[in-house]
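S.K.: Mind looking at a prediction? Sequence and model below.
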Amino acid sequence: MQSMHIAVAGNIGSGKTTLTRLLAKHYKWKPHFEDADENPYLNDFYEDMQRWSFNLQVSFLHARLAQIQQIRKNNKTVIQDRTIYEDGYIFAPNLHSMGLMTTRDYENYLALFNVVLELVQPPDLLIYLRATVPALVNQIQKRGRPYEESIRLDYLKRLNERYEAWIDDFESQKKTKILVIDVDENNFSENADDLGKIINIIDRELFGGLF
């Protein structure tokens with residue numbers, strides 16, 4: 001069977017890492033996780049977003065490109081926790097619109113991002129986790145990461161709005177198969193039946209229901 005690139009997208013706290021782990025286990029896919037905790041700018045960013053936003057986004061973009069290059073060289077099917085598109089279409093423009101990234105830095109970042117996009121191919125399947133802000137906050141509180149304690153509700157709300165606009169645009173381009181999962185209605189992390197529903201849809205999308 002030909003190797004594939006599966007990607008999971010969604011806001012902070014939507015369950016990307018959990019779903020990536022569960023699907024990797026079920027299908028015997030190789031997981032690639034975001035490693036956000038390893039970003040050298042993350043703690044500084046949440047303490048002073050305006051000062052460190054550009055540094056953080058460039059660091060994430062570099063890490064994401066390196067990860068995609070590694071995925072495409074692999075002869076195994078890989079499932080990726082977060083996509084490169086979210087960096088340039090959601091997080092960076094959101095920071096700029098909130099006044100947390102200067103126009104000069106944003107334009108510099110966007111120019112770099114557009115060059116990087118020419119080097120990558122879209123995933124074979126994009127799984128988007130849609131979640132309301134209360135659901136996101138609940139998950140963020142559960143995992144208890146110190147640097148996430150200061151995330152503002154308006155920040156999550158703005159990100160959600162950008163996610164919705166991006167996924168609508170991405171769907172209209174018809175570059176890849178897209179599966180949208182409503183996290184508020186599907187508790188895949190704790191309910192095996194809910195996870196099974198997702199697996200059944202993936203089977204149909206990728207294997208025509210015959211896996």
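M.R.: Received, thanks. Numbers count the residues shown, from 1 in each chain.
S.K.: what sits against Leu126?
M.R.: Leu126 makes contact with 7, 9, 83, 170, 176-179 under the criterion Cβ atoms under 8 Å, 6 or more residues apart in numbering. To be clear about C-beta, it is placed using only N, CA and C from the backbone, and glycine gets the same treatment.
S.K.: switch the cut-off to 7 Å
M.R.: Contacts for Leu126 (Cβ atoms under 7 Å, 6 or more residues apart in numbering) come out as 7, 9, 83, 176, 178.
S.K.: Kindly spell out which helices and strands sit in contact with the helix ranked longest in the chain.
M.R.: Looking across the chain with DSSP state H, the single longest helix is helix 49-73. If contacts are counted by 3 or more Cβ pairs under 7 Å, 6 or more residues apart in numbering; DSSP states H and E, helix 49-73 sits against helix 42-47, strand 78-81, helix 84-86, helix 92-97, helix 103-117.
S.K.: which of the contacts of Leu126 count as buried?
M.R.: Neighbour counting by 16 or more other Cβ atoms under 10 Å classes 7, 9, 83, 178 among the contacts of Leu126 as buried.
S.K.: In a helix, the second one, correct?
M.R.: By that I understand Ala9. No: Ala9 is assigned strand when assessed by DSSP: H, G, I helix; E, B strand; the rest coil, not a helix.
S.K.: Which strand residues bridge it?
M.R.: According to DSSP bridges, the partner residues bridging Ala9 are Tyr128.
S.K.: can you tell me how far it sits from Trp166?
M.R.: The gap separating Ala9 from Trp166 is 9 Å, by Cβ to Cβ, to the nearest Å.
S.K.: ok, now the third one?
M.R.: In this view, Thr83 and Trp166 are 10 Å apart by Cβ to Cβ.
S.K.: Of the buried ones among the contacts of Leu126, which pair is most distant in space?
M.R.: Thr83 and Ile178 (11.4 Å; Cβ to Cβ).
S.K.: hang on, the earlier thing: out of the buried ones among the contacts of Leu126, which one sits closest to Val137?
M.R.: Ala9 (19.1 Å).
S.K.: which residues touch that closest one?
M.R.: Contacts of Ala9 (Cβ under 7 Å, 6+ apart): 82-83, 86, 126-128.
S.K.: Correct me if wrong, but Asn75 is in a strand.
M.R.: No: per three-state DSSP, Asn75 lies outside any strand segment and is coil.
S.K.: Surely it and His5 touch.
M.R.: No: taking contacts as Cβ atoms under 7 Å, Asn75 lies outside contact range of His5: 11.9 Å.
S.K.: Could you check which of those two has the larger neighbour count?
M.R.: More crowded of Asn75 and His5, by other Cβ atoms under 10 Å: His5, with 23 against 7.
S.K.: phi, psi of the more buried one?
M.R.: The phi and psi torsions at His5 (degrees, to the nearest 10) take the values phi -120, psi 110.
S.K.: Spit out the contact partners of it.
M.R.: Going by Cβ under 7 Å, 6+ apart, His5 touches 71, 78, 80, 123-124.
S.K.: With respect to Leu56, which of those is nearest?
M.R.: Gln80 (19.4 Å).
S.K.: where does the residue nearest the centre of the chain land on pLDDT?
M.R.: The chain has Arg82 as the residue nearest its centroid, 2.6 Å off, counting by Cα atoms, centre = their mean. The model reports Arg82 with a pLDDT of 91.
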